[in-house]
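> Quick one: sequence and predicted model below, then my questions.
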Amino acid sequence: MLKSRSWLPLVVMGGLGIACPAVIASGCGGEEKPPSRTASAMRGEGRSAERAASSSSMGDSALEPAAKDALQSEDWARAETLYAELARRQPRNPAGKRGLGVALMKQDKNEKAVEALEGSLEIADDVDTRLELATALGALGRYPSALPHLRKAVKMAPATPATWTHLADALVKVEKPDGAAEALAESKQACPKCADDQAWGHAADEVTAALAVQAEKQLAANDTAGARKIADAAADLRPDAPATHLMRARLAKAGGESKAAAGEYRKAVDGLSDAKSDAGAGARLELAALLVAEGNGSEAAKLAGEVVDARGDDGRGLDTLGRACDLTKDTDCARKAYERLAQLSPGTDGATQEGVDHAKSRMKLLKSKKSGKNKGGKGGKTSKKRGRH
């Protein structure tokens, strides 16, 4: 339970007069003068004193409505003062400590907010208070501590979308996207409103994206069965999400099904219109690399070109563009891509040592071919001239 605080007497003391420092100084034998205060600090003290005086003089019946009004008008400092006074006067009223917790959280005073909200729960259990407490704990990075409150909130209000979305978000934060997917799948049965709730939809997209990351790790560890299980969970949750198509594409590619992989990659690209984003660029370049391997340089060059146009000197994009242009025998396109890539340092901007070395090697070859063509052209012209003489 939240213990009664000593802030109120201190604030009132600050409002008893600006002569307090002088009294302290004389009490210390006048040995040390207090530091001068700025005008803004004095105004802040004045406002604090006014708020304290106002809340102290306010009647019990007017205190809670005034606190609610301060919260609604986003006057967080005044709301903190009023709710703290309410909690002091009415220690068995959960609204005081809950409102105080919210006001503190809005000012990033999350440690104190947790204390206040836990005190409110000790007086009366409430779904909204548990959600607020979980939010405060999350702001402190204490997501594991938030999970029990969120699970309890789901049990208390299973038809409320917010309880499920908060739980799913916390599970993703503790790197349990599969658990988050299970929770959201369960919510479809318990919460008819969830499917049409915007926040629930956003949470489902975030969970699906997290599942894609987990599936990629499984594939990297050669755990195809584990990756497929994760992809199936994503498909049950968001069958048409770009992240779901990416998972399917990677699984098909790992299984040697190039045509199926390309189809799924194209669906992912269609849903990721921003080629500058990590997800949009990644999907395009994965598809482009697959197409290059299959000998389809034209579509690959278009995809890689979109990434380079959007992101500039992107090492992976330039490498893929150069290789695609090599396939289409567009030497000017390839040369420009490789020149830009060769200027990048491996390990920066997505450039790899292998990619930079390949670019430098290809540049030398392209230059030698160009030089050979120029010499051949000049020789041909000379021989013709000679033939005319």
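Received, thanks.
> Only C-alpha atoms from now on, for both contacts and neighbour counts.
OK.
> can you pull out the helices in the stretch 251-389 of the chain?
Applying DSSP state H, counting those that start in this stretch to the stretch 251-389 of the chain gives helices spanning 258-271, 278-293, 297-311, 315-327, 331-342, 353-388.
> Is it correct that residue 360 is in contact with residue 338?
Yes: contact criterion C-alpha atoms under 8 Å: residue 360 and residue 338 qualify, at 7.0 Å.
> So for the two, which residue has more residues nearby?
residue 338 (27 against 17; other C-alpha atoms under 10 Å).
> Count residues in the vicinity of residue 248, would you?
Residue 248: 26 neighbours (other C-alpha under 10 Å).
> Spit out the contact partners of it.
231, 261, 264 (C-alpha atoms under 8 Å, 6 or more residues apart in numbering).
> and if you look at residue 185?
Counting by C-alpha under 8 Å, 6+ apart, residue 185 has contacts 236-237.
> hmm, back to that, which of the helices of the stretch 251-389 of the chain is buried the deepest?
helix 315-327 (a mean of 27; mean count of other C-alpha atoms under 10 Å).
> which stretches of the stretch 251-389 of the chain aren't confidently modelled?
370-389 (pLDDT under 70).
> Please report phi then psi for residue 241.
phi -70, psi 140 (degrees, to the nearest 10).
> So what's the residue count around it?
Residues near residue 241, counting by other C-alpha under 10 Å, number 19.
> 682 is where my numbering starts, stick with that
Done: numbering now begins at 682, and the last item shifts to residue 922.
> Do I have it right that it meets residue 888?
No: using C-alpha under 8 Å, residue 922 is not in contact with residue 888; the gap is 10.8 Å.
> Quick check: residue 764 vs residue 804, distance?
Distance, residue 764 to residue 804, by C-alpha to C-alpha, to the nearest Å: 15 Å.
> same question but for residue 964, I mixed them up
52 Å.
> ok, back up a step: so which of the helices of the stretch 932-1070 of the chain gets nearest residue 840?
Of all the helices of the stretch 932-1070 of the chain, it is helix 939-952 that lies closest to residue 840, at 30.3 Å by C-alpha to C-alpha.
> Give the other helices and strands that the closest one contacts.
helix 923-935, helix 959-974 (3 or more C-alpha pairs under 8 Å, 6 or more residues apart in numbering; DSSP states H and E).
> closest one to residue 894 among these?
Judged by C-alpha to C-alpha, the one of these that comes nearest to residue 894 is helix 923-935, at 8.9 Å.
> Sort out which residues of the closest one are buried, please.
923-934 (16 or more other C-alpha atoms under 10 Å).
> That helix vs helix 959-974, what angle?
Counting by axes from the mean of the first three to the mean of the last three C-alpha atoms, to 10 degrees, helix 923-935 lies at 30 degrees to helix 959-974.
> Mind exporting the C-alpha coordinates of helix 923-935 to PDB?
The C-alpha coordinates for helix 923-935 follow below in PDB (Å, rounded to 0.1, in the frame of the first residue of the first chain):
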ATOM      1  CA  PRO A 923       3.600  -9.100 -45.800                       C
ATOM      2  CA  ALA A 924       5.600 -10.800 -43.000                       C
ATOM      3  CA  THR A 925       3.600 -14.000 -43.500                       C
ATOM      4  CA  HIS A 926       4.300 -14.000 -47.200                       C
ATOM      5  CA  LEU A 927       8.000 -13.500 -46.400                       C
ATOM      6  CA  MET A 928       8.100 -16.500 -44.100                       C
ATOM      7  CA  ARG A 929       6.400 -18.600 -46.700                       C
ATOM      8  CA  ALA A 930       8.900 -17.400 -49.400                       C
ATOM      9  CA  ARG A 931      11.900 -18.200 -47.200                       C
ATOM     10  CA  LEU A 932      10.600 -21.600 -46.400                       C
ATOM     11  CA  ALA A 933       9.900 -22.300 -50.100                       C
ATOM     12  CA  LYS A 934      13.400 -21.100 -51.000                       C
ATOM     13  CA  ALA A 935      15.000 -23.300 -48.400                       C
END
